[in-house]
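Novice: quick one: sequence plus predicted model below, questions after.
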Amino acid sequence: MDKITFLGKKPILWILLLALFLRVLGAFYLGNTVSGLSGAQDEISYSMLGQRFAEGHGLTFPQNWYPWIKADAPQSYYSAAMSLFLAGVYMVFGYTPLLARLITAFFSTLIVGLIYLLGRRFFNEKVALFSAIIAAGYAYLIFYGVTLVTETPFIFCLLASLYLAYEIIETPNWWKWGALGIVLAIAVLFRMAVIFFVPVLLGWIFLRQPQKRAFVFVPIVLIILAVLPFTLHNYRTWGKLLVLEAQFGHVFWNGNHPDHHGNFHPYKVFPIPDDVLASDNDVEITNQLLRMGIQNVVNDPGNFAMLTLTRLREFFKFWPTTDSNILANLLRVFSFGIMWPFSLWGIWLSRKQWRELIPIYLFMLIHTGVYAITWTMIRYRIPLDALLIPFAGLAVVDLTGRFQARRRTSTVSSKPL
């Protein structure tokens, strides 16, 4: 295994300290106010819900709220998990968004550690360290690591679940299965879209691990137990089955609205028909919008195809645009804009390891597919960025190795005979 000594005997500790320092700086820059900077507008909603819950008003808003929520009324649109996390912080320490930012900064630092562990497992120590350095200074991970949205807890649980999956393949035991169930359950609570990947991951482990296969039911049971209280609450509130949030129908309808004219834009939203809103029931509204969205696709599949392509354009956008502010353009160019060529080269270099990397590839395909057919924003891509970083680390190690070899060859050839 390659060794790196330029940062001492434990360079990863220094890298993690650097990552924490940068994230703490980011937290203090955003401060104790919640303004929803570019790409993180949802933090206003989550923080408001957390504050209201801490004050005894439940997960409600003090005024009419996007997209159809009435003042002081129950709602199941926004992530209850993120709102309750903030409520817990506010209940203990008072309304202190800065403290919540510092907590998420800590978990964002742990994400850097998990990227290091995955890089070491897939490749080697040198690649892992370069991957950690990239992750420590990666602008999107820093920014979303200190904004009050679901990215940081979700990415942490996603990476932890992947690492545990490989651990179970090597040395299965009940506590690893239990830990996998816990992090997958939390991932589902923070980002329900991952539910499409969960059976794929568990199925892969089941096929790769012939021993103690019955333990696969441990994470399944834990996920059900975690989701069940929210499902029961939704049923009591609306009288209809709703697993977690009432978002999917709305985003699918809005993302495939004919007035996009085949050119998707993530900030273009359309008014919901009054007859749909008349039910005043989150589940009925989102289900009816889902049916309308499906009908839009059936009526004009060509438009759906163009919208899917332009959603992919938004998903993988790495260039500056005139309709984005300076901060958004800087984040985009000096993170993904620089990294993606290295990641692609790293994926090519790792092609002989494709069997081992199957869960990573499948998550990338499923995650991209879910948002390609519904609704996308750049921040929904950030989990992919975290998984692409080890490949970028592999490319950096390969290219630096080639450069050093060329320099040695040039030095030798330039010496007089």
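Specialist: Perfect, thanks for sending it. Numbers count the residues shown, from 1 in each chain.
Novice: helices along the stretch 201-350 of the chain, start to end?
Specialist: 217-238, 248-255, 274-277, 282-299, 301-315, 326-333, 336-349 (DSSP state H, counting those that start in this stretch).
Novice: buried deepest among those helices, which one?
Specialist: Stretch with highest mean neighbour count among the helices of the stretch 201-350 of the chain: helix 248-255 (a mean of 22; mean count of other Cβ atoms under 10 Å). Quick note: C-beta positions are derived from backbone N, CA and C, even for glycine.
Novice: number of residues surrounding residue 64?
Specialist: Other residues near residue 64 number 11, with proximity taken as other Cβ atoms under 10 Å.
Novice: for residue 167, same thing?
Specialist: 16.
Novice: ok, it - contacts?
Specialist: In this structure, residue 167 makes contact with residue 176, judged by Cβ atoms under 8 Å, 6 or more residues apart in numbering.
Novice: swap the cut-off to 10 Å and go again
Specialist: For residue 167, the contacting residues are 117, 121, 173, 176, 179, 180, by Cβ atoms under 10 Å, 6 or more residues apart in numbering.
Novice: report the distance from the helix or strand hosting it to the chain centre.
Specialist: Assigned by DSSP states H and E, residue 167 belongs to helix 151-170. With Cα atoms, centre = their mean, to the nearest Å as the basis, helix 151-170 stands 12 Å off its chain's centre.
Novice: got it, and stretch 250-261?
Specialist: The answer for stretch 250-261 is 23 Å, by Cα atoms, centre = their mean.
Novice: next one: stretch 376-395
Specialist: 9 Å.
Novice: okay, buried residues for stretch 23-30 please.
Specialist: For stretch 23-30, burial by neighbour count (16 or more other Cβ atoms under 10 Å) applies to 23, 24, 26, 27, 30.
Novice: give me the next element, helix or strand, following the helix holding residue 167.
Specialist: For helix 151-170, the following helix or strand on the C-terminal side (DSSP H and E) is helix 174-190.
Novice: show me what the longest helix along the chain is packed against.
Specialist: If you go by DSSP state H, the chain has its longest helix at helix 382-414. The contact analysis (3 or more Cβ pairs under 10 Å, 6 or more residues apart in numbering; DSSP states H and E) places helix 382-414 against helix 97-122, helix 125-137, helix 139-145, helix 151-170, helix 336-349, helix 358-372.
Novice: buried residues in the last one?
Specialist: The one in question is helix 358-372. For helix 358-372, by 16+ other Cβ under 10 Å, it's 359, 360, 363, 364, 366, 367, 368, 370, 371, 372.
Novice: the last one and residue 308 touch, don't they?
Specialist: Same thing as residue 372. Yes - taking contacts as Cβ atoms under 10 Å, residue 372 lies within contact range of residue 308: 5.2 Å.
Novice: what's the neighbour count on residue 57?
Specialist: Look at residue 57: counted by other Cβ under 10 Å, it has 13 neighbours.
Novice: ok, it to residue 50 distance?
Specialist: Applying Cβ to Cβ, to the nearest Å, the value for residue 57 to residue 50 is 11 Å.
Novice: next: residue 256.
Specialist: 32 Å.
Novice: sorry, back to before: what sits in contact with each of residue 372 and residue 308?
Specialist: 255, 264.
Novice: and the next element down the chain from the host helix or strand of residue 26?
Specialist: Per DSSP H and E, residue 26 falls inside helix 11-30. Reading on from helix 11-30 to the C-terminus, the next helix or strand found by DSSP H and E is helix 42-54.
Novice: off-centre distance for that following helix?
Specialist: Distance, centroid of helix 42-54 to centroid of chain: 20 Å (Cα atoms, centre = their mean).
Novice: buried set for the next helix or strand along the chain from that helix?
Specialist: Per DSSP H and E, the first helix or strand lying C-terminal to helix 42-54 is helix 80-93. Residues of helix 80-93 classed as buried: 80, 81, 82, 83, 84, 85, 86, 87, 89, 90, 91 (neighbour count, 16+ other Cβ under 10 Å).
Novice: same question, stretch 171-182
Specialist: Quick answer for stretch 171-182 (16+ other Cβ under 10 Å): 172, 176, 177, 179, 180, 181, 182.
Novice: one step back: distance between the longest helix of the chain and the chain's centre?
Specialist: Taking mean C-alpha positions (Cα atoms, centre = their mean), helix 382-414 and its chain are 27 Å apart.
Novice: ok and it relative to helix 336-349, angle-wise?
Specialist: Orientation check (axes from the mean of the first three to the mean of the last three Cα atoms, to 10 degrees): helix 382-414 against helix 336-349 gives 70 degrees.
Novice: in helix 382-414, what's buried?
Specialist: 382-398.
Novice: measure residue 312 to residue 304 for me?
Specialist: On the measure of Cβ to Cβ, residue 312 and residue 304 end up 13 Å apart.
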